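Q: the following comprises the amino acid sequence and a computationally predicted model.
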Amino acid sequence: AFAFAFAFAFATATTTAATTATTHAARAVAAAKAASDAPSALSQTLMWDFEDAAGGGQAILQTLAGLRAALPDDTPLVSDVCRLGYTALSMYPAHRPSSFLYPVGTTALGYGLPAAVGACLG
């Protein structure tokens with residue numbers, strides 16, 4: 001009975017520690033994303049002004065908002081490597097899997113058109 005109680009207590013403590021670590025990690029990731037999505041961070045990274053209403057970054061955000069409003073949730077937005085695509089990585093609300101297609105990590109120009117054709121074909 002002692003061995004069972006010890007094993008149960010150990011398993012419970014381990015699960016609690018893992019859950020706590022996961023929660024802390026999730027909070028850290030959320031904080032990092034919020035910091036990188038802040039207008040000042042986007043301005044520095046993309047070299048457009050996202051803080052000033054007249055800045056070029058605001059035009060990108062308005063374009064993304066217009067696209068999101070016009071496109072049904074199941075229609076993917078496909079982007080090539082460009083500032084609009086870079087911004088969309090953080091700011092475009094993709095509501096479903098595969099509803100935003102972008103060449104993450106490859107930075108290959110020319111991805112957009114064939115990816116859009118492929119998305120249309122299913």
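A: Perfect, I can see it now.
Q: give the contact list for the residue positioned nearest the centre of the chain.
A: Nearest to the geometric centre of the chain sits Ser90, at 4.8 Å (C-alpha atoms, centre = their mean). By C-beta atoms under 8 Å, 6 or more residues apart in numbering, Ser90 lies in contact with Lys33, Ser36, Asp37, Leu42. Yep, even glycine has a C-beta here, placed from its N, CA and C like the rest.
Q: and if we set it to 7 Å?
A: The contact partners of Ser90, by C-beta atoms under 7 Å, 6 or more residues apart in numbering, come to Ser36, Asp37.
Q: helix, strand or coil for it?
A: Following DSSP: H, G, I helix; E, B strand; the rest coil, we place Ser90 in the helix state.
Q: Ser98: neighbouring residues, count only.
A: Here the number of neighbours of Ser98 (other C-beta atoms under 10 Å) works out to 9.
Q: ok but Arg96 is inside a strand, no?
A: No - counting by three-state DSSP, Arg96 is located in no strand; its state is coil.
Q: give me the number of neighbouring residues for it.
A: Neighbourhood size, Arg96 [other C-beta under 10 Å]: 10.
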